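predicted coordinates and the sequence they were generated for:
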Amino acid sequence: MSDPRLEALFDKEAIRDCIHRYCRGIDRADEAALLSSYWPDAHDSHGAYDGPVSGFFEQVRATWARGPRNIHNVGNILIEFIGNGQAAVETYFIAYQRGTGPDGVERQVLLCGRYCDLFEKRKDEWRVLKRTVVYDWVDHQQPPSEGEAERFGPRTPIGGDHPDDPIYAIWPTRS
């Protein structure tokens, strides 16, 4: 590509797509989408967990097994290329999370913060190499007492996990 400004736009869009794949992966228990957002040698500092991304993936799988309901929304995404195929990326997020912890207690929390990421481009692909999650807001909430069928009423379908969520009926097979 001869125009570096155009290449930068394509790279920024690839980084945004990676961030969105991460959100889908976490929220829909879509392991392929989650794994595709980090390099295998990445480091993740995510609340109480700080270590190789493989350990973070183990925690996520254990959480998925307990059937949580998560929604991650990302907003402001600031990307600055720092050379050597790397970019500093700050992404604001809002996450609603409800689920049963390892102790059997159901919890619900609203989290707001930022993903402070070092992205790296390998070949033609951008992924997270190092992530630090910064928490700016935490609101512990009372989980609802009634089940989803009562709360949602006639509003169907209700979002679900991979591969049962309705998006996978129309989404290409890449995730």
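Nice, I can see it.

for the rest of this, base every contact and every neighbour count on C-alpha atoms.
Fine.

so for stretch 154-163, what gets flagged as buried?
160-162 (16 or more other C-alpha atoms under 10 Å).

beyond the helix or strand of the chain with the lowest mean pLDDT, next helix or strand please.
Every helix and strand of the chain was ranked by mean pLDDT, DSSP states H and E. The lowest is helix 148-152, at a mean of 89. Per DSSP states H and E, the first helix or strand lying C-terminal to helix 148-152 is helix 167-170.

contacts for that next one next, please.
Here helix 167-170 makes contact (C-alpha atoms under 8 Å, 6 or more residues apart in numbering) with His162.

next: stretch 31-38.
18-19, 21-26, 53, 127-129, 175.

circling back to that earlier point, could the buried residues of stretch 154-163 go into TSV alongside pLDDT?
Shown next, in TSV, are those (pLDDT from 0 to 100):
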residue	pLDDT
Gly160	93
Asp161	95
His162	95
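
buried ones in the longest helix along the chain?
Assignment by DSSP state H gives helix 4-28 as the longest helix of the chain. The neighbour-count check on helix 4-28 (16+ other C-alpha under 10 Å) flags 11-12, 14-16, 18-28 as buried.
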